[in-house]
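**Q** everything below, folded, please.
(chains A and B)
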Protein chains: 2
Amino acid sequence: MTQNIYDNAGFFAGYSRLRRSVDGLDGAPEWPTLKSMLPDLAGKRVVDLGCGFGWFCRFAREAGAAEVLGFDVSANMLARARGTTADPAISYCQADLETLALPANAFDLAYSALVVHYLADLEGFARAVHDALRPGGRLVLTTEHPMFMASTLADFVDVDGVRTWPVDHYADEGERTTNWLVPGVRKWFRSAGTTVNALIDAGFVIRRLIDWTPSTEQVTAAPELAKERDRPAFLLIAADRPPG
Amino acid sequence: MTQNIYDNAGFFAGYSRLRRSVDGLDGAPEWPTLKSMLPDLAGKRVVDLGCGFGWFCRFAREAGAAEVLGFDVSANMLARARGTTADPAISYCQADLETLALPANAFDLAYSALVVHYLADLEGFARAVHDALRPGGRLVLTTEHPMFMASTLADFVDVDGVRTWPVDHYADEGERTTNWLVPGVRKWFRSAGTTVNALIDAGFVIRRLIDWTPSTEQVTAAPELAKERDRPAFLLIAADRPPG
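**A** Numbering: from 1, shown residues only, chains lettered A, B, ... in the order given. Predicted coordinates for the structure are as follows:
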C-alpha cells in the first residue's frame, strides 16, 4: 500500500505552505512547459491521478473539459479540493493509486503530477492508465527527476567554487526513505529509462520527454530558481495510447 | 563541420589504448545491454554511423547480416578497420556524419555508438537516419549520458564520505569543450529529453531508453566498475521507423 504521507499532520502543514500549494499551477515553475504538453481539453473527459488540492481539475474544467475525475490517497487534500468547487462536473474520490480500478476506454486525458515516485508498482499503474484511456488518449505525467532523487546528500554542494548537485547510487533502484518536510518519506527511485520503458511496455507511445529546468526568463523573474538550472528537478512525459 | 579529433595523433594514440579499442565490443561494459536491443541480423542490411575500428561491422557480419556499411570521419580509424577484414560484404567509407547523404529505405538497422555527442545537428542526423531506414527498421544509438557530460569537474568528488558525481549547468545545452585524452575536444551537450525528442520529431518511435550502469555481477567481475553505478556514463536508445 502507498504511504499516505499527505495525511501526516506535519507533512500536510508543510506541504500546504509550498508555493505550488498556495498559488496552484501558477506557483509551479514547470507548469508552462507541462501545459504545452496537454491536448485541447474542450469537451474531453479527464482523470487526475493524485489530484491533491484539485488545482488541475479546476483548470481542466475552465479549459472546457466535459467531465473531470480527481483521485487522491489523502483525505486531507480531498477535503480541501472539495471545498474549492461546487462544479457538478468535477468529482473527487479517495483511492490508493496502486490498487485503483478505473473504467476501460473512459478518458481522453490522464494527468498525474509528482505522484508516481510514491508508487511501488509503476508497471501496474502504467497498464491501468493505458487501459483507462480511450485509443488516441494522452497521459501527461511528471515525476521527481531521477537525477534529483539519486542524491543521498539531496542538496547542492560547492566544489572548487562550482555549485554542483551530487549524484550517487543511481543504479540502486527501489525504495528510498528521505526527509522532506518530515522524516521518513518513502519514495521509489527509478532511472529515467525505467519510467519510460514501463510506459512503453504498457502500450504507450512516447511523445515528449523533458528534463525540466527553468528558462533564463524564469530565472530573471525569480532569481531563487537559478540553481534549478544546474540539475533538473522534474521529469515531464507525454505519452499516447495509440489510436485504433 | 564535425571536429575530426580521432585524426589528432595524440587523441588517436590514447583512444587506441582504451579497453574498448583493444578488446572491441567485449571491452565495452555496456555491450551486453546494447546487444539485447538489436534485432535479429540474419540477412539484414546494416549501416554503422561512426564505425571506428569496425568492431560492430564485423560483429554484424558474424551475426548473419547480408551487407554492412561503415562510415567514419576518421581516416586513421578507417585504415585500421579496413586492415582487419577482407570480407567483400563490409564496406568502409570516410564521411562527415553531419553532411552524409544516405540512400533512402536502404537499411534494416542503423547503429551509432558514442558519436552523436560530437554532432552539432542532431535533428538533421535523426531525419537522415530515419529516411535511410526501411519502414520497420531500427536505430540503436548510444551517447555519453547527459548526467556524465553535464559536469564541469568531470570527476567523482568525495562529499562527507559519499562518492558523488557533481552535476552542474544541466540547462545549458550546446557546445562544450572538454579535455579527454587531449585538450580541446569539442562535444555537444544535450539533455536526455532533447536527444529523445529529436528522434521522435524525425518520425521514430522510442522502443527502449536505458541510463546504462553496470550490473552488480559486472562489478564483482571488474571491481573498477563500481563507481560507474553512481551515475550512468551512457544513454542507450532503441527506436524504430514505424512500419508502412
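**Q** CA atoms of the longest strand seen in chain A as PDB?
**A** When chain A is parsed with DSSP state E, its longest strand is strand A:133-144. C-alpha atoms of strand A:133-144 as PDB (Å, rounded to 0.1, in the frame of the first residue of the first chain):
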ATOM      1  CA  LEU A 133      -7.600   5.900 -21.800                       C
ATOM      2  CA  ARG A 134      -9.600   5.700 -25.000                       C
ATOM      3  CA  PRO A 135      -7.400   4.800 -28.000                       C
ATOM      4  CA  GLY A 136      -5.700   8.100 -29.000                       C
ATOM      5  CA  GLY A 137      -5.900   9.400 -25.500                       C
ATOM      6  CA  ARG A 138      -3.000  11.000 -23.800                       C
ATOM      7  CA  LEU A 139      -1.100  10.600 -20.500                       C
ATOM      8  CA  VAL A 140       0.800  13.600 -19.200                       C
ATOM      9  CA  LEU A 141       2.900  12.700 -16.200                       C
ATOM     10  CA  THR A 142       5.600  14.300 -14.000                       C
ATOM     11  CA  THR A 143       7.900  12.700 -11.500                       C
ATOM     12  CA  GLU A 144      10.800  13.900  -9.400                       C
END
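**Q** near chain B, anything from that strand?
**A** No. For strand A:133-144 and chain B, the contact criterion (CB under 8 Å from any CB of the partner chain) is not met; the two come no nearer than 12.4 Å. C-beta: built from backbone N, CA, C; applies to glycine.
**Q** what's the burial count for A:T178?
**A** Burial of A:T178 is recorded as 16 neighbouring residues (other CB atoms under 10 Å in any protein chain shown).
**Q** which helices and strands does the longest strand of chain A pack with?
**A** strand A:107-113, helix A:192-201, strand A:234-240 (3 or more CB pairs under 8 Å, 6 or more residues apart in numbering or on different chains; DSSP states H and E).
**Q** could I get the buried residue list for it?
**A** A:L133, A:R134, A:G137, A:R138, A:L139, A:V140, A:L141, A:T142, A:T143, A:E144 (16 or more other CB atoms under 10 Å in any protein chain shown).
**Q** same question, stretch A:22-38
**A** Buried residues in stretch A:22-38 (16+ other CB under 10 Å): A:G24, A:L25, A:A28, A:P29, A:E30, A:W31, A:T33, A:L34, A:M37, A:L38.
**Q** repeat for stretch A:162-177
**A** In terms of neighbour count (16+ other CB under 10 Å), stretch A:162-177 has its buried residues at A:T164, A:W165, A:P166, A:V167, A:D168, A:H169, A:Y170, A:A171, A:R176.
**Q** would you put the C-alpha positions of that stretch in CSV?
**A** Only the C-alpha atoms of stretch A:162-177 are listed here, as CSV (Å, rounded to 0.1, in the frame of the first residue of the first chain):
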residue,chain,number,x,y,z
VAL,A,162,31.3,25.4,-8.7
ARG,A,163,27.8,24.9,-7.4
THR,A,164,27.1,21.2,-8.1
TRP,A,165,24.4,18.6,-7.5
PRO,A,166,26.0,15.5,-6.1
VAL,A,167,24.6,12.3,-7.6
ASP,A,168,25.3,8.8,-6.2
HIS,A,169,24.0,5.3,-6.3
TYR,A,170,22.0,5.9,-9.5
ALA,A,171,22.0,2.2,-10.3
ASP,A,172,20.3,1.3,-7.0
GLU,A,173,16.6,1.4,-7.9
GLY,A,174,13.9,0.8,-5.4
GLU,A,175,12.6,2.2,-2.2
ARG,A,176,14.4,5.2,-0.6
THR,A,177,13.4,6.9,2.6
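**Q** picking that back up, what's the most distant pair in the buried residues of strand A:133-144?
**A** A:R134 and A:E144 (28.9 Å; CB to CB).
**Q** returning to what we had before: with pLDDT and distance to A:A126 added, can I get the buried residues of strand A:133-144 in TSV?
**A** Below are those laid out as TSV (pLDDT from 0 to 100; distance: CB to CB, whole Å):
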residue	pLDDT	distance to A:A126
A:L133	98	11
A:R134	98	16
A:G137	98	14
A:R138	98	14
A:L139	98	8
A:V140	98	13
A:L141	98	9
A:T142	98	14
A:T143	98	12
A:E144	97	17
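**Q** circling back: for chain B, find the nearest of the helices and strands packed on strand A:133-144.
**A** Across the helices and strands packed on strand A:133-144, chain B has its closest neighbour in helix A:192-201 (4.3 Å, CB to the nearest CB).
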